[in-house]
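In: A predicted structure for the sequence below; I have some questions about it.
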Amino acid sequence: MQKVAIIGGGIIGMYVALKLKEKGFDVFLFDKKQEKDLGIKPCSTLVSERIRRFISVPDDCVENVIDGCKINFPKKIVELDFNPRHLVLSRDKLIQEQLSLLKENGVNVLLGREIKDIPSQYDYVVGCDGPMSLTRRKLGLKEPQFKIGMQVFVEKQDKASFTNVFPIKSGFLWQIPRSNFIEYGILTSSLKSKEMLLDFLEKQKIEAKNTVSGPVPFSGAGMIFSKDKRVALCGDAMGLTKPWSGGGIIWGLYAADFLVRNFPDFEKYEKETRRFFEFKILKGAIANKLVNLIGFYIPFLLPQKINYDNDFPDFIKPLLI
């Protein structure tokens, strides 16, 4: 039986591990974190209901159901009706659920193991080790472009079924109602992200005690693939996120499916992934700039309400209606 090492115990790494185990490989999942820390990551875990096509999401993982989003441009608010709806998930509970599933199905889970080089004792290695991927660096591949994501959690109950987004010239700020908290955050290319977020919160008369931050790869700059016939990358490690929002879970799960389906032919995996994502990334990056340009300078051209698929949107169609 061929042995596969999965580096990274996040949602994407666990999904790949389980699916490769189902295909008959002897799978070893590594993560430098201990079990209690696996779910800790500066990620909103706001994902569309499509996630249930890939993994089981128990009801107790769902903190809120989001029907839409209000984009607050300076002179106009545009309402997006999400289709499909989005779920605000407890990342920690979801990770623990997937971890139990891996163990039940015989995946070798090795936590608290920091991998300092690409292991040589396995037939194949898959790097699912996030935006600052050690696997990618050890392969000598280019680094993706990054934006900075930052979060603040304010203890307050809010059962609203919509999020708020506040575009800025270098990205956007957001507000997400969770179960017993409201999450505020910023995604920007500006080095002054913390100052911008705290200034925004001060204007909202919100006191922020602690911030959580991390890099978010910007896939508008393209994806990164390994040319090593023994090593593959997936998810944030390959720089795959939506260029308009920085969200990576659903896109990462699609790429993970392509990887598993073609495994271990990584050339076919790359071809299928490029075929599926390249035009979406290009179209999304261009359309995002166009929508922001219109929203800031000629907002009357934007419709008041848009039916919107946040995973695979058609940005241009609403402008033509």
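Out: Alright, I've got the coordinates. Residues are numbered from 1 along each chain as shown.
In: Just the helices from the stretch 101-250 of the chain, written as ranges.
Out: Along the stretch 101-250 of the chain, the stretches classed as helices by DSSP state H, counting those that start in this stretch are 134-138, 193-203, 249-262.
In: contacts for the first one?
Out: It stands for helix 134-138. 7, 115-118, 125, 127, 129, 143, 224, 226, 231, 233, 237-238 (CB atoms under 8 Å, 6 or more residues apart in numbering). (Glycine included, C-beta is placed from N, CA and C.)
In: Counting by contacts, list what the helix or strand Val4 falls within packs against.
Out: Here Val4 sits within strand 3-7, counting by DSSP states H and E. In terms of contacts (3 or more CB pairs under 8 Å, 6 or more residues apart in numbering; DSSP states H and E), strand 3-7 is packed against helix 11-22, strand 26-31, strand 124-127.
In: Please identify the pairing partners of it and their relative orientation?
Out: Using DSSP bridges, strand 3-7 pairs in its sheet with strand 26-31 (parallel), strand 124-127 (parallel).
In: picking up where we left off before, deepest in the core, which of the helices and strands packed on strand 3-7 is it.
Out: strand 124-127 (a mean of 27; mean count of other CB atoms under 10 Å).
In: Could you check how far it is from the centre of its chain?
Out: Distance of strand 124-127 from the chain centroid (CA atoms, centre = their mean, to the nearest Å) equals 20 Å.
In: what's the answer for stretch 199-219, then?
Out: So, by CA atoms, centre = their mean, the centroid of stretch 199-219 is 18 Å from its chain's centroid.
In: Report the buried residues of that stretch.
Out: Buried residues in stretch 199-219, counted by 16 or more other CB atoms under 10 Å: 200-201, 208, 211, 213-219.
In: What about these, which are in strands?
Out: Counting by DSSP state E, these place 213-217 in strands.
In: Need the pLDDT of Gln157.
Out: Predicted confidence (pLDDT) for Gln157: 84.
In: no wait, Pro313
Out: 90.
In: What of Ala221?
Out: 67.
In: same check, this time on Lys317
Out: pLDDT at Lys317 comes out at 59.
In: from what I can see Thr211 touches Ile148, true?
Out: No - applying CB atoms under 8 Å, one finds Thr211 not in contact with Ile148, separated by 10.9 Å.
In: Could you pull up the contacting residues of Leu38?
Out: Listed by CB under 8 Å, 6+ apart, the contact set of Leu38 reads 9-10, 31, 92, 95-96, 99, 111.
In: Those residues in strands, which ones?
Out: Under the assignment DSSP E, the contacts of Leu38 contribute 31, 111 to strands.
In: hey, where'd the strands end up in this protein?
Out: Going by DSSP E, the chain shows strands at 3-7, 26-31, 46-48, 62-73, 76-89, 108-111, 124-127, 146-155, 162-168, 171-177, 181-188, 212-217, 231-233, 305-308.
In: For Phe296, which residues are in contact?
Out: Applying CB under 8 Å, 6+ apart, we find Phe296 in contact with 73-74, 167, 169.
In: Any stretches of the stretch 201-321 of the chain with poor pLDDT?
Out: By pLDDT under 70, the weakly predicted segments of the stretch 201-321 of the chain are 220-221, 315-321.
In: and the gap between the nearest residue to Gln98 once chain neighbours are set aside and Val107?
Out: In this structure, Gln98 finds its nearest non-sequential neighbour in Met14, 4.4 Å apart by CB to CB, 6 or more residues apart in numbering. Using CB to CB, to the nearest Å, Met14 is found at 8 Å from Val107.
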